[in-house]
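Asker: kindly return the folded structure for what I paste below:
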Amino acid sequence: MAEIALGRMAFNDKGIHSLTTEYRKWDFVTSTDSTYLYINETAKKGEPLNNAAYWKCLADGKPATLAAAAANEKAGDANQAAIAANEAKDSIQDDEKTVAQSLSELNAKVKALEAVVASKTIERLEVAKELNMHGKTNLILSGSGAATFAPDFVGQRYIDITGKVAYTAFGVTNAGDWK
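Answerer: Down below sits the predicted model:
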């Protein structure tokens, strides 16, 4: 029986395309993102993949590569935005801590000042009561109806404007000391 040469019966994987490799019909190669089939009858090396007389693109991955690059770029932009937002948040938190510390210090100073003012006011009132040195407004008090509070000092006056009655303090214990 005579042998008949049929040639190549299947595609031959030659790996990544190289301009220094010789290719024959039915060899296929890959590039960064696509797959090409050598279709020329003449074996040759040095033909670029964009030469349609030698190569046929079987699987074009360029659109996917471009889409992936665009997605990566957008992801990078989003990542940068997130980093900037975190930095802004950290800055705000630092500002809030500084403000909180300043408010705490201010609060302590206000409380100290209130204590000083309160102690001086009490001392002044105590001295005034001891020396019976009340001002004009404390000497004669007035209101509608009988007094419902204890006098500040013996001898203090209260006038019931409605009932037209004058009272004098004979003690400082309760409202019953007005007579």
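Asker: for Arg157, which residues are in contact?
Answerer: Neighbouring residues of Arg157 by Cβ atoms under 8 Å, 6 or more residues apart in numbering: 139-141, 166-169. C-betas here are computed from N, CA, C, even on glycine.
Asker: filter these to the buried ones?
Answerer: 141, 167, 169 (16 or more other Cβ atoms under 10 Å).
Asker: picking up where we left off before, between the contacts of Arg157, which sits nearest Ala118?
Answerer: Leu141 (23.8 Å; Cβ to Cβ).
Asker: which ones are touching that closest one?
Answerer: 147, 156-159.
Asker: span of stretch 146-160 from start to end?
Answerer: End-to-end span of stretch 146-160 (Cα to Cα, to the nearest Å): 6 Å.
Asker: list the buried ones in it?
Answerer: Using 16+ other Cβ under 10 Å as the test for burial, stretch 146-160 gives 147, 151-153, 156, 158, 160.
Asker: which non-adjacent residue is nearest Thr32?
Answerer: Counting by Cβ to Cβ, 6 or more residues apart in numbering, Thr65 is the residue found nearest to Thr32 once chain neighbours are left out, at 7.0 Å.
Asker: the one you found in helix, strand or coil?
Answerer: Here Thr65 is recorded as helix under DSSP: H, G, I helix; E, B strand; the rest coil.
Asker: report how many residues lie close to it.
Answerer: 13 (other Cβ atoms under 10 Å).
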